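Student: Fold the following, please.
(2 chains)
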Amino acid sequence: MGSATPVDDETGLIAQLRAGDESAYEQVVRTYGGRLLAVTRRILDSDEDARDVVQDAFLNAFKSIARFEGNSKLSTWLHRIAVNAALMKLRTRKRKPEQSIETLLPAFLDDGHHEERFTSWDEPVDKAMERAETRQLVRAKIDELPEGYRTVLVLRDIEGLDTEETATMLGLSVNATKIRLHRARQALRTLLSPHLAGSAPGKAPGKAPGETRGETLS
Amino acid sequence: MKCRELAEFLMDYVSGELPAENREHFELHLTRCRNCREYLVQYEGCVKAGRIACDEKSDELPLDVPEDLVKAVLAARRLDPSS
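Tutor: Residues are numbered from 1 along each chain as shown, chains lettered A, B, ... in the order given. Okay, the predicted model is just below:
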């Protein structure tokens, strides 16, 4: 998109920021604002809150640009400030009533077998993710996850925080964080699978001739 | 081990945290149950898909920055002499 042009000379840009160059501030907002909005929106599920958080994040970053040591890239540094601001917002705002995730979790028969017979995806995930429409679909499905699960999945699987960090940031126990991550992944699978299985052009839905549900149990 | 238990242990298995004894039962079940093998593949696939789809380096994420947000940030900065 037009607004986000790569920064060729980051060192120069940082020097301009430190010198209080108005055009440098504007360039930073235009270059990185979209990404920061995307990540904070994913955490907060609210355009309005994401905007507030991104605005605060930029102001905080500008205030502390003197302390930016250049050990990381400017984009990484801004990203971290924005994620922290989003989590702060998450902690302070009124929690939405928790949505149930039960219907998105696997169901089991009395004998312990899965109720569902899983159909193979049409292609390996790497291949499917080469298409922009699949990447868009995955983002949309992540956004559909109930908030308490989505935030854990975003922090752990996308932002790459470890379980302890995630637990601390969300005010959850380590065990609750693990359970939520597991359920969030399972729910995402339930949401994505119908779109990734049995739909590739020229290919019949995945069948496993001769195999019946869960052949043998140990 | 039943499919139900395997599903519970999935995350620990994927992250390599499943204790050895459980892992043996887990893997034995996997060799015999196509449905659970498929579930494992899709579970890991979802983790990977999320990571790829939301990669901040992806060209799709830098959405246009709303003009009023740009203006608001710059105006707020000017008002705050410490920034």
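
Student: Give me the most central residue, chain A.
Tutor: A:Val154 (3.6 Å; CA atoms, centre = their mean).

Student: same question, chain B
Tutor: Centre-nearest of chain B using CA atoms, centre = their mean is B:Val47, 3.8 Å out.

Student: does that residue really touch A:Asp157, like I thought?
Tutor: Yes - between B:Val47 and A:Asp157 there is a contact under CB atoms under 8 Å: 5.5 Å. Heads up, the C-betas are built off the backbone N, CA and C, glycines and all.

Student: Find residues that contact each of these two.
Tutor: Shared contacts of B:Val47 and A:Asp157, defined by CB atoms under 8 Å, 6 or more residues apart in numbering or on different chains, comprise A:Arg185.

Student: Any idea how many residues pack against the closest residue to chain B within chain A?
Tutor: Per CB to the nearest CB, the residue of chain A with the smallest distance to chain B is A:Gly112, at 2.9 Å. As a burial measure, A:Gly112 scores 15 neighbours (other CB atoms under 10 Å in any protein chain shown).

Student: any idea how chain A splits into domains?
Tutor: A:10-92, A:102-196 (automatic domain parsing).

Student: For the ones you listed, which has the smallest mean pLDDT value?
Tutor: Lowest mean pLDDT within the domains of chain A: domain A:10-92, at a mean of 90.

Student: re earlier: for the residue of chain A closest to chain B, what are its contacts?
Tutor: Contacts of A:Gly112 (CB under 8 Å, 6+ apart): A:Leu217, B:Lys2, B:Cys3, B:Arg4, B:Glu5.

Student: can you tell me which of the residues you listed are in helices?
Tutor: Of those, the ones assigned to helices by DSSP state H are B:Cys3, B:Arg4, B:Glu5.

Student: List the residues that contact the residue nearest to the centre of chain B.
Tutor: Shown in contact with B:Val47 (CB under 8 Å, 6+ apart): A:Asp157, A:Arg185, B:Val14.

Student: among those residues, which are in helices?
Tutor: A:Arg185, B:Val14.

Student: so can I have CSV of the contacts of B:Val47 showing neighbour count and distance to A:Ala57?
Tutor: Below are the contacts of B:Val47 laid out as CSV (neighbours: other CB atoms under 10 Å in any protein chain shown; distance: CB to CB, whole Å):
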residue, neighbour count, distance to A:Ala57
A:Asp157, 21, 22
A:Arg185, 25, 28
B:Val14, 15, 33
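
Student: give me the element A:Ala176 is part of.
Tutor: helix A:174-196 (DSSP states H and E).

Student: What sits closest to B:Asp80 if chain neighbours are left out?
Tutor: Of all residues not flanking B:Asp80 in the chain, A:Leu59 sits nearest, at 6.7 Å (CB to CB, 6 or more residues apart in numbering or on different chains).

Student: Same question for the helix holding A:Ala176: list its buried residues.
Tutor: Using 16 or more other CB atoms under 10 Å in any protein chain shown as the test for burial, helix A:174-196 gives A:177-193, A:195-196.

Student: Kindly report the same for stretch A:143-156.
Tutor: Those would be A:Leu145, A:Pro146, A:Glu147, A:Gly148, A:Tyr149, A:Arg150, A:Thr151, A:Val152, A:Leu153, A:Val154, A:Leu155, A:Arg156, for stretch A:143-156 by 16+ other CB under 10 Å.
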